[in-house]
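**Q** I'll drop the sequence and a predicted model, then ask my questions.
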Amino acid sequence: MKLSFASTDSSDADVLVDIRIAAMRESLERIGRFDPQRARERFLASFDPYLCRFIVADGVRAGFILIRPREDHWLLDHFYILPNHQGKGIGAAVLRDVFKGADAHHMEIRLGALRGSGSNRFYQRHGFVPTSEGEWDIYYVRKPGRE
């Protein structure tokens, strides 16, 4: 698989929202919280096209990632793979790339994952450790140097 990243700009907002909704739909429906309008508003309220990148696998947009650098960590704020591209190793390959950068800068990576989502198993498999829980999310950290 050939993996690359492509820049986004403000005109990509609708495409990114559609990817987010498609990727999260099953998990949100399972817990009775699927609301496309709410998902759209939440994403657009904090969308920063300069931090967001399309994930391109073998020439096809398979998802996107948005990392917010903080003073003492990187916040993996959005990471979505379209359902028809899941289970093909794309997410793992993206994380390996992110880990290289974070490790080079000695930064931990933090994220939140929807409770009950399969993404929790994915993150734990890749070295993320739960740190706390909210009403809807479980929060994780990955210390630098661990893959």
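**A** Cool, the structure landed.

**Q** Who are the contact partners of the nearest residue to V60 once chain neighbours are set aside?
**A** Using CB to CB, 6 or more residues apart in numbering and skipping the chain neighbours, the partner closest in space to V60 is H85 (7.7 Å). (C-beta placed from N, C-alpha, C; glycine too.) Contacts here follow CB atoms under 8 Å, 6 or more residues apart in numbering; on that basis H85 touches 57, 60, 62-63.

**Q** what secondary structure does the closest residue to S4 other than its chain neighbours sit in?
**A** With CB to CB, 6+ apart as the measure, V56 is the residue that lies nearest to S4, at 4.7 Å, once sequence neighbours are left out. The three-state label given to V56 by DSSP: H, G, I helix; E, B strand; the rest coil is strand.

**Q** Measure how buried V56 is and give me the count.
**A** A count of nearby residues for V56, using other CB atoms under 10 Å, gives 17.

**Q** Show me the helices in this protein, by range?
**A** In chain order, the chain shows helices spanning 13-30, 36-46, 90-104, 119-125, with DSSP state H as the criterion.

**Q** Now stretch 129-147: buried residues?
**A** Of all the residues in stretch 129-147, those buried under the rule 16 or more other CB atoms under 10 Å are 138, 140, 142.

**Q** Spatially central, which residue of the protein would that be?
**A** Nearest to the geometric centre of the chain sits F79, at 1.3 Å (CA atoms, centre = their mean).

**Q** That residue contacts Q86, doesn't it?
**A** No: in this structure, F79 sits apart from Q86 without contact. The criterion is CB atoms under 8 Å, and the distance is 11.8 Å.

**Q** where in the protein is pLDDT low?
**A** Applying pLDDT under 70 to the chain picks out residues 27-34, 146-147.

**Q** Quick check on the contacts of H85: which are buried?
**A** Buried positions within these, assessed by neighbour count (16+ other CB under 10 Å), are 57, 62-63.

**Q** now those residues as a markdown table including distance to G127?
**A** Written out in a markdown table, the entries for the buried ones among the contacts of H85 read as follows (distance: CB to CB, whole Å):
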| residue | distance to G127 |
| --- | --- |
| A57 | 22 |
| A62 | 22 |
| G63 | 20 |
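
**Q** and of the residues you listed, the nearest to H105?
**A** Proximity of the buried ones among the contacts of H85 to H105 (CB to CB) peaks at G63, which lies at 23.4 Å.
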